[in-house]
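Chemist: no sequence on this one, just coordinates:
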């Protein structure tokens, strides 16, 4: 049996705005077509009655034309829950590596991100110096920015 990572999904209330954030800040690339999906097959697979979603896949940077994607979707009906927390039992975060963490952090903040933590450094034996910070995107999803040297 072969297994291959495919994508990570984020549900939002404005898929076009969130796609724009990930394209501008992280150089994610749209993978057409835009999705506009509904039907019994979607209800059955998701377990959501009368599901209707719209959105797009964005190719994540650094892995070429066949790399994994970030799937950003918007359902007609969104259930609002409490704000994500780094230490809450749930999906934790998505991480992006960069050679200039200060520049990427500034770009993210200018495009609607918020700091959760502060820049921090730690030496990991056998790996190197890690500089990282947790931020949230415009919807509150947690993102780790990291630099290894």
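Modeler: Structure received. Here the structure is a predicted model, which is why all the values come from computation and not from measurement.

Chemist: Just grab the bridge partners of the residue positioned nearest the centre of the chain for me.
Modeler: What sits nearest the mean C-alpha location of the chain, by CA atoms, centre = their mean, is residue 94, with 5.6 Å. Counting by DSSP bridges, residue 94 forms beta bridges with residue 143.

Chemist: pLDDT weak spots in the protein?
Modeler: Across the chain, the ranges flagged by pLDDT under 70 are 84, 86-87, 89.

Chemist: where do the strands sit along it?
Modeler: Remark: strands assigned in the chain by DSSP state E are 7-11, 29-38, 52-59, 69-75, 94-97, 114-115, 120-124, 128-136, 142-148.

Chemist: Run through who's touching the third one.
Modeler: For strand 52-59, the surrounding residues in contact (CB atoms under 8 Å, 6 or more residues apart in numbering) are 7, 15, 19, 22-23, 28-32, 34-38, 42, 65, 67-76. For the C-beta atoms, the positions are set from N, CA and C on the backbone; glycine is no exception.

Chemist: Can you tell me which of those residues are buried?
Modeler: Buried by 16 or more other CB atoms under 10 Å: 15, 19, 22, 28, 31, 42, 69-75, out of those.

Chemist: now those residues as CSV including distance to residue 147?
Modeler: Shown next, in CSV, are the buried ones among the contacts of strand 52-59 (distance: CB to CB, whole Å):
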residue, distance to residue 147
15, 29
19, 25
22, 19
28, 19
31, 27
42, 40
69, 24
70, 21
71, 26
72, 25
73, 30
74, 32
75, 35
